[in-house]
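[1] My questions are about this predicted structure, shown below with the sequence.
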Amino acid sequence: MASLGWWMFASAIFVLIVTLGLVLVGANLHRRGEPRRISFRASVLLVVAGGVAAPLLAIVAVAISGVVIGDEVEGPGGADGPWIEVRGELWWWEFRYLDEDGEVVAVTANELHLPVGRRARLRLVSDNVIHSFWAPNLQGKTDLIPGKVNLLYAEPETPGTWRGQCAEFCGLQHGLMGFVVVAEPPGDFARWLAAQAEPHRVTEPEGLAVFDRIGCAECHTVRGTSADGEDGPDLTHLASRQTLAAATIPNSRGNLGGWITSTHTIKPGAKMPSRIPEPEDLHALLDFLESLE
C-alpha cells in the first residue's frame, strides 16, 4: 500500500508540474495585456505534450504499479509467520491457528497474537454475512465474503497492542464487533501459542457443573471438558484475554458477571442469552471461568 501510494504521489506531482508549466506558458503569452502569437507547430506540441502525453504517462505509471503491487505474492521463502484462519461471526471474531497441514493447533476469540518481524498469512472467511477485517496499525481493510476466501499478509514491525474493528456494516452489533491485536517478540509468541494449544485442567469442578447446568456448554467449547458447543467463542483460555464481548469491555470478574447476567444491557442484540443463576452458583461459575488461563 505504501509503495502504491508513493507511485500515485509521484504521478500527481508530475501532473501538477506539467499543469503549472502550461499555466506559465499561457500567462507569458498574455504578458502586459498584449497576446502573443505562437506558431501552429508550437501549439500542436503544447497540446500533445501537455494534454495527451503527460496524462497518459501518469496513467500508465499508476496502472503498471497497481498491477505489479496487486499481484504481489509471498516471494522466495514464503511467509515465515503463523497461518491463521480469521472467521467473522455474528458479532465476534474467531482466530484459528493452523499448522503446515492446515490442522487447527489453537483457537482463540477476539484477540489476535502475531510475532514481530514474521510475515503471517491470514485466511479470511465468513459463513454468514460480509464483514471487513481492519486493524489500522497493522494493515488495510479486507472483506470477509461468504463463499470466498481472501488472503491477507501481516508483518508487525514493533511490539504493541492495537484495536481492530469490523469495517463493514454487518448487522445490529456491527459497532461492537471489535478485536485486539497483540504483536510480541517471536519467543513470547511461541510460548503463548503453546499455552493456547493446551487443554484446560479442571480445578473448579463446582463451577464446571454450573457451566453445564445452565446451558453454557451448548454454545461454548472448553477443551479438556465435555463442553463442545460451536455457536459461541472457544473459552478454553478465556482468562488470558484482555477483553470480553468482542473488545467491548475489559476482562475482569465484575464485567464477566455483568456479561453473564445482563448480556443485552452491555451488547443489545447479541446472540448470547442472559443467565441469572443463584448467587452461590454465579460465584462458582466465575471461579471456573477465571481458572481458564
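    Ah, there it is. All figures in this text were calculated on a predicted structure; none of them were measured in a lab.

[2] so how many other residues sit close to residue 213?
    Residues near residue 213, counting by other C-beta atoms under 10 Å, number 12. For glycine as for every other residue, the C-beta is placed from the backbone atoms N, C-alpha and C.

[3] Next, the contact list for the nearest residue to it once chain neighbours are set aside, please.
    Leaving aside its sequence neighbours, residue 213 sits nearest to residue 281 (C-beta to C-beta, 6 or more residues apart in numbering; 8.0 Å). Counting by C-beta atoms under 8 Å, 6 or more residues apart in numbering, residue 281 touches 210, 213, 214.

[4] Might one say that residue 84 is in contact with residue 121?
    Yes - taking contacts as C-beta atoms under 8 Å, residue 84 lies within contact range of residue 121: 7.0 Å.

[5] where along the chain do the helices fall?
    Ranges of helices within the chain are 2-29, 40-46, 54-70, 186-197, 205-213, 253-261, 263-266, 279-290, based on DSSP state H.

[6] Of those, give the one that comes closest to residue 167.
    Taking C-beta to C-beta, helix 2-29 is the member of these nearest to residue 167, at 19.0 Å.

[7] How far off centre is the closest one?
    Relative to the centre of its chain, helix 2-29 is centred 36 Å away, using C-alpha atoms, centre = their mean, to the nearest Å.

[8] Just the buried residues of it, please?
    Residues 7, 11, 15, 18, 22 are the ones in helix 2-29 that count as buried (16 or more other C-beta atoms under 10 Å).

[9] picking that back up, got CSV for the helices of the chain, with mean pLDDT and distance to residue 175 too?
    Listed next are those as CSV, based on pLDDT from 0 to 100; distance: least, C-beta to C-beta, whole Å:
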stretch, mean pLDDT, distance to residue 175
helix 2-29, 83, 29
helix 40-46, 80, 54
helix 54-70, 80, 31
helix 186-197, 96, 28
helix 205-213, 94, 29
helix 253-261, 94, 17
helix 263-266, 92, 13
helix 279-290, 95, 26
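
[10] Residue 180: which of these is closest?
    Residue 180 sits nearest to helix 186-197 of all the helices of the chain, at 13.1 Å, using C-beta to C-beta.

[11] now residue 182, nearest residue through space, not along the chain?
    Nearest non-adjacent residue to residue 182, counting by C-beta to C-beta, 6+ apart: residue 113, 4.8 Å away.
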